[in-house]
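>>> Fold the stuff below for me.
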Amino acid sequence: MSQETDVLVVGGGATGAGIARDLALRGVDVTLVDRGGIGSGTSGRSHGLLHSGARYAEADRVGAEECLEENEILRDIAGACIRDTGGLFVQLEADDPDYFDEKRAACEDIGIPVEELDGDEARERVPNLAEETVRAMTVPDAVIYPSRLCAANAADARNHGATVHTHAPVEGIDVDDDTVTGVEVGGDVSDTIEADYVVSATGAWAGKLAEMAGIDVEMQPNRGVMISVEYDDLEPVLNRCRDPDDGDIVVPHEGEVVLGTTSVDVDDPDEYETDQAEKERTRAECGDMLPPVEDAPEIRTWWGIRPLFAPDEQARGGRGISRGFFLLDHADDGVENMASIVGGKLTTYRQMAEAAADLACDKLGVDAESTTADERLPHVEDPAELDAVVAEFDGQGPTDEDVVGEATGTE
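Predicted coordinates:
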């Protein structure tokens, strides 16, 4: 006996859980499935930076504006999913001063609040900041705890009628007469789900899922390393003020900092080699900004896979330019009731979810607007309750495992 739903969302990361939440708030019957726990893919293995938009300001105005808008929304709705640290862009002696000036001017033009500090002021703000610091500028970056964010979205979806299945991998997609007629789901579901519309929010795995429906979605998975080390004296996020490169972000936690990251294309998001040299390079480069972290004791290391859309990467020429998101309506590929959303950033997950939900509602004839920018996520005022939801959805990822569970004593 099959299960029926209006919309099936495949992929329980931030975007997929956000889509389920958005649709449920509009009164749509939605089912969310993930092959692992909620947030177990890319979202839970990120560096956990809530972008202000400054990283992209001079290269991609639209992307920077999106980040700034979503940064402000998440501060309002996400509570303990966010830690408001502020951020600094740091120019060292080896860095191009024109790049700093261009970034600052772009930030000011967009409306990203910035304040320039000379080297002494920056070192006063951040103890142990490199002596080679020429100047810095403050930006409204912050830290995301993605395990909490994903779980809160899934919980709100469920609170509004959604069905959420973890450990439920998609094993096949049945297509008949240009329409998905059933999705074979294994694991804890072990059943066929019949949906009027299917949304793939599977990130780097979008190509694999689309192939089950006879659709070609060309992804370019890209790995990056994150290293958490002992360090308890950093408040703002540190960004190296240069063209994006390895080891140019340091993200503060309590008693730890996360060093990141690298960018290496891989063939398969499930099976890829890692490289000790990337870890060493990341430590050294981050140490150029904050010398004590280069040799600080390692707590944990993880690798994340970016869900890059190959045609966009080829057009852009690779790293260094902001990566937007793409909503692919597979009616254009001969499958009328399926879409994939790919690319993007954790910071803009809610906007991505709204776009996908808008498309699904349009296809289903549902006349309802998104309210996710105004509706506060559940449990976010009580970290213990929030972390209990993370545990319920088996949603713990490495990015924030030092934080999540502290309130419940389960860390």
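>>> for the stretch 51-200 of the chain, what spans make up the helices?
61-77, 97-110, 119-125, 146-159 (DSSP state H, counting those that start in this stretch).
>>> right, so these: which one is the most enclosed?
Mean neighbour count, computed with mean count of other CB atoms under 10 Å, is highest for helix 146-159 among these, reaching a mean of 28. Heads up, the C-betas are built off the backbone N, CA and C, glycines and all.
>>> pLDDT weak spots in the stretch 201-350 of the chain?
Residues of the stretch 201-350 of the chain meeting the criterion pLDDT under 70: 316-323.
>>> Ala339 - how many residues pack around it?
21 (other CB atoms under 10 Å).
>>> err, Ile193, not the other one
Ile193 - counted by other CB under 10 Å - has 22 other residues nearby.
>>> ok now do it, which residues does it touch?
By CB atoms under 8 Å, 6 or more residues apart in numbering, the contact list for Ile193 reads Ser2, Gln3, Glu4, Thr5, Leu8, Thr31, Val33, Gly182, Val183, Val185.
>>> what's the answer for Asn153, then?
Contacts of Asn153 (CB under 8 Å, 6+ apart): Ala14, Ala17, Gly18, Ala20, Arg21, Leu377.
>>> Next, format the residues you listed as a markdown table and append secondary structure.
As requested, these are exported to a markdown table (DSSP: H, G, I helix; E, B strand; the rest coil):
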| residue | secondary structure |
| --- | --- |
| Ala14 | helix |
| Ala17 | helix |
| Gly18 | helix |
| Ala20 | helix |
| Arg21 | helix |
| Leu377 | coil |
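>>> dump the residue contacts of Ser46.
Per CB under 8 Å, 6+ apart, neighbours of Ser46: Ile144, Pro146, Met226, Gly304, Leu346, Thr399.
>>> From what I see, the fifth one and Ala14 are in contact.
Yes - with contacts counted by CB atoms under 8 Å, Leu346 reaches Ala14, the gap being 5.8 Å.
>>> Identify the contacts common to these two.
Ser43, Pro146.
>>> quick one: which of those two has more around it?
Between Leu346 and Ala14, Ala14 has the larger neighbour count (other CB under 10 Å), namely 33 against 25.
>>> ok, the more buried one touching Ala151?
No - using CB under 8 Å, Ala14 is not in contact with Ala151; the gap is 10.2 Å.
>>> list residues touching both of those two?
Common neighbours of Ala14 and Ala151, counting by CB under 8 Å, 6+ apart, are Gly39.
>>> sorry, back to before: make a PyMOL selection of the buried ones in the contacts of Ile193.
Applying 16 or more other CB atoms under 10 Å to those leaves a buried subset, and the PyMOL line that selects it is:
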select buried, resi 3+5+8+31+33+182+183+185
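>>> Narrow the contacts of Ile193 to those in strands?
Gln3, Glu4, Thr5, Leu8, Thr31, Val33, Gly182, Val183, Val185 (DSSP state E).
>>> ok, which pair from these is furthest apart?
Glu4 and Val33 (14.0 Å; CB to CB).
>>> Which residue, other than its chain neighbours, is closest to the spatially most central residue of the chain?
With distances taken as CA atoms, centre = their mean, the residue of the chain nearest its centroid is Leu346 (2.2 Å). Distances taken as CB to CB, 6 or more residues apart in numbering place Ser46 nearest to Leu346, at 5.3 Å, with adjacent residues excluded.
>>> any idea how far Gly87 is from the one you found?
16 Å (CB to CB, to the nearest Å).
>>> Ok, Ala54 next?
With CB to CB as the criterion, Ala54 and Gly87 are 7 Å apart.
>>> Now for these two: what residues contact both?
Val139, Asp141, Asn239.
>>> I'd like those laid out as CSV, including distance to Arg350.
Below are the shared contacts of Ala54 and Gly87 laid out as CSV (distance: CB to CB, whole Å):
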residue, distance to Arg350
Val139, 20
Asp141, 17
Asn239, 23
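>>> Can I get these in JSON lines including distance to Asp312 and neighbour count?
Compiled in JSON lines, these are given as follows (distance: CB to CB, whole Å; neighbours: other CB atoms under 10 Å):
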{"residue": "Val139", "distance to Asp312": "25", "neighbour count": "28"}
{"residue": "Asp141", "distance to Asp312": "24", "neighbour count": "28"}
{"residue": "Asn239", "distance to Asp312": "23", "neighbour count": "26"}
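>>> which one of those is nearest Pro383?
Nearest member of the shared contacts of Ala54 and Gly87 to Pro383, counting by CB to CB, is Asp141, at 21.2 Å.
>>> I'd like the distance between that closest one and Asp288.
Distance, Asp141 to Asp288, by CB to CB: 19 Å.
>>> swap in His47?
Counting by CB to CB, the gap from His47 to Asp288 is 17 Å.
>>> Give me the more crowded residue out of the two.
Taking other CB under 10 Å, His47 and Asp288 do not tie; His47 has more neighbours (24 against 19).
>>> List the beta-bridge partners for the nearest residue to that one once chain neighbours are set aside.
Leaving aside its chain neighbours, His47 sits nearest to Gly260 (4.1 Å; criterion: CB to CB, 6+ apart). Taking DSSP bridges, one finds Met226, Ile249 as the beta-bridge partners of Gly260.
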